[in-house]
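**Student:** 3D model of this:
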Amino acid sequence: MGRLLPKTLWVATVVILCLSSSLAATGSDIDFKGRLDWQLSTQGPATTAPDYAFVDNNHPVLGPLTLATALPAQAAAPTEGAAPADENRPSIFKRAAISLERTAKEGDWELYVPLYTYHMRYAYTAEKISSYNENPWGLGLGRGRIDEKGNWHGLYAMFFHDSHNKPEYQLGYAFKTFWPIAENLKAGLGYTAFLGARSDINNYIPFLGVLPVASLEYGKVSLDATYVPGGQGNGNVMFIWSKIRF
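**Tutor:** Presented below is the predicted three-dimensional model:
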């Protein structure tokens, strides 16, 4: 990622943020209510098998997914002069832009507090572990919004000290969906797509990243974590932070 041409980084970032926001806005309630209506006739000429079509099921991102049969000819015929429904739907980028704009304008202010960086001991030598910084002092600020389905969307900017005790910067979008555990307590899973910069990746040339996010939230306070995959001597790092909603 560090070798991406700088001229393409901002375009790629916008695409990732837009796609991430738009996909997240769908939640997980794809409606598979297709109805198979195969009519057979033994009288007269053979009945023509109905045409199958993908019907727009009001899904905000994936669009037409539901498999259904065509309606009878007299009902299926579109009204003369009426524009197809898809022509009235905004593009995926426009829907994503609307979601991002809503988060920025309607969201609550949120404070990000980096807490701990843990390097998996099996991936590093004891000498390396002792040389790494695991106290990511820093701070972040963002805007967070809960949508109609109870999912959280966030925009944030954060800086903290990396494993080499040098500043690392992140600007990104995050999404989480939740499952209730008890009153005011819920667990969440999601992801973040971000633009990052750090000293050991081409001397702060920005790079793109997408990582999973797990969360435990009580009221307006959450404990969040992400995991950076890797191999022997690289990656395999867990990053933990807290988020407070105002």
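
**Student:** contacts, neighbours, all on C-alpha from now
**Tutor:** Will do.

**Student:** what about the helices in the chain?
**Tutor:** For the chain, applying DSSP state H gives helices covering 6-25, 73-76, 92-106, 126-131.

**Student:** mean pLDDT for these: which is lowest?
**Tutor:** Per-stretch averages of pLDDT across these put helix 73-76 at the bottom, with a mean of 40.

**Student:** which other residues reach the biggest strand by length in the chain?
**Tutor:** Across the chain, the strand with the greatest residue count (assigned by DSSP state E) is strand 167-182. Here strand 167-182 makes contact (C-alpha atoms under 8 Å, 6 or more residues apart in numbering) with 17, 20-21, 24, 27, 150-162, 186-199, 213.

**Student:** same thing but 7 Å
**Tutor:** 17, 24, 151-162, 186-198 (C-alpha atoms under 7 Å, 6 or more residues apart in numbering).

**Student:** then stretch 141-153?
**Tutor:** Taking C-alpha under 7 Å, 6+ apart as the rule, stretch 141-153 contacts 103-104, 106-112, 154-158, 174-178.

**Student:** any of the residues you listed buried? List them.
**Tutor:** 103-104, 107-112, 154-158, 174-178 (16 or more other C-alpha atoms under 10 Å).

**Student:** in strands only, show me the contacts of strand 167-182.
**Tutor:** Those of these mapping onto strands are 152-161, 186-197, per DSSP E.

**Student:** against residue 137, how distant is residue 163?
**Tutor:** When C-alpha to C-alpha, to the nearest Å is applied, the distance between residue 163 and residue 137 equals 11 Å.

**Student:** please identify which of those two sits among more neighbours.
**Tutor:** Of the pair residue 163 and residue 137, residue 163 is the one with more neighbours under other C-alpha atoms under 10 Å, namely 20 against 17.

**Student:** excluding sequence neighbours, find me the nearest residue to that one.
**Tutor:** residue 133 (4.6 Å; C-alpha to C-alpha, 6 or more residues apart in numbering).

**Student:** same check on residue 243?
**Tutor:** residue 112 (4.7 Å).

**Student:** now the one you found: how far from residue 160?
**Tutor:** For residue 112, the distance to residue 160 (C-alpha to C-alpha) stands at 10 Å.

**Student:** what do those two both touch?
**Tutor:** With C-alpha under 7 Å, 6+ apart as the test, residue 112 and residue 160 both reach residue 139.

**Student:** circling back to that earlier point, list the contacts for the residue nearest to residue 163?
**Tutor:** By C-alpha under 7 Å, 6+ apart, the contact set of residue 133 is 162-165.

**Student:** likewise residue 240?
**Tutor:** Residue 240 neighbours (C-alpha under 7 Å, 6+ apart): 114-117, 224-226.
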